[in-house]
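S.K.: here is a sequence together with a model predicted from it:
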Amino acid sequence: MGVTFAASSVFDVGIAVVAPIVSLALALTILGIYFVIFGLSTYHLWYSQDVYRRRLHLTWTTALFLISCLGGLASATSGMLDLVVEYNTMRTQNPGPFVQYVTQNGPQTALVGIAYTCLIVANSLADSVLINRIYLVWDSRKWTLVPPILLSLAINSVGLAGTIMRTKGFSNTALESNFNLELKGINFGLGFFYANAVTNFIYTMLIACRLWWLTRGNSTSSSGERTQKHKLTAAILLECGVLYPIALVAHAAVEGNLNIISTPVNLTPCVILLAGLIPTVIILRTCQGISITDKVAGVRSSGSVHSHSGSEESGHIDEK
């Protein structure tokens, strides 16, 4: 045999073995953190009756956890199946099972469809959490809901269309029409990741800039106050979910450059899990009473009530 599969770039150790293992390790790390954050938020929401919009937050955290974990595990399992098939191909030097696997494989098709569908659903739920924060910090004005909701619907529709095309095409890539459909779905998916990153960054800036504007009057020139302001800025960025759009850009960059990256780690499981983890962190801050958004919304709500009743301001702040 002149050229073995081990010498082929398709079966390079970095691609066939290292990348899936690194992807699984990253996903399990994020999943472990997610379990802790979800447990804490659920505990607070279940036993603290005074949490603002407790039932809504409990619904959000539970749905995000179940959907994100399902999608993340489906994507990680898909990667492990790739690892097993490619390893066996290198070991036996028999291309038959590999060709069958990449052209038509029911379980793998189902896993791909589940993973990317869960990503779209989890992303939609994450958007709803951020849109709710926008609504709160912008004085609960209904007009602030319309542009973010329309933008979220448009972006997630593109992602859903890409998922459908990708799954349908992947079901039997031996057909040229299906293969082209899968490529089109992948391109739609890349567009979704980049557009979604921009959208989430816009949401983040709408919240962060508004919070900064409302809290700017508290800054002074002392070093202690400057340090406190830096901590406040970091807390605002964390609460606005800035890590999620960063993860989306990283994932899209890897998927769009698979041919030039020596070890292209599949970040799909991580992105799916982060879609649920980041909003859950935001909700946990609400449960613990340290949410800047809720404090600002509470203060402004109290201020409007104060014009009618000067004794109710502290009660509203404590309620948050």
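M.R.: Ah, there it is. If you're wondering where the values come from, they're calculated on a predicted model, not measured in any experiment.

S.K.: residues contacting the nearest residue to F65 once chain neighbours are set aside?
M.R.: Closest residue to F65 apart from its sequence neighbours, by CB to CB, 6 or more residues apart in numbering: F38 at 4.9 Å. Glycine gets a C-beta too; all of them are placed from N, C-alpha and C. When contacts are counted by CB atoms under 8 Å, 6 or more residues apart in numbering, F38 is found next to 61, 65, 280.

S.K.: ditto for L267
M.R.: Taking CB under 8 Å, 6+ apart, we find L267 in contact with 23, 26, 247, 250-251, 254.

S.K.: chain center to stretch 51-69: distance?
M.R.: 15 Å (CA atoms, centre = their mean, to the nearest Å).

S.K.: I'd like the average pLDDT over that stretch.
M.R.: Model confidence over stretch 51-69 averages 90 on the pLDDT scale.

S.K.: show me which of the contacts of L267 are buried.
M.R.: 23, 26, 247, 250-251, 254 (16 or more other CB atoms under 10 Å).

S.K.: just name the closest of these to R210, please.
M.R.: Each of these was checked against R210 using CB to CB; the closest is A247, at 23.5 Å.

S.K.: where's the closest one, which helix or strand?
M.R.: Element membership for A247, per DSSP states H and E: helix 243-255.

S.K.: contacts for that helix, please.
M.R.: Residues external to helix 243-255 that are found in contact with it (CB under 8 Å, 6+ apart): 126, 186, 189-190, 193-194, 196-198, 200-201, 204, 261, 264-268, 270-271, 274-275, 278.

S.K.: what sits closest to the spatially most central residue of the chain if chain neighbours are left out?
M.R.: Compute the mean C-alpha point of the chain, and by CA atoms, centre = their mean the closest residue is A275, 2.0 Å away. The shortest distance from A275 to any non-neighbouring residue, by CB to CB, 6+ apart, is to A122 (4.0 Å).

S.K.: now the helix or strand harbouring that neighbour against helix 243-255, angle please.
M.R.: With elements taken from DSSP H and E, the one containing A122 is helix 106-137. Helix 106-137 runs at 150 degrees relative to helix 243-255, counting by axes from the mean of the first three to the mean of the last three CA atoms, to 10 degrees.
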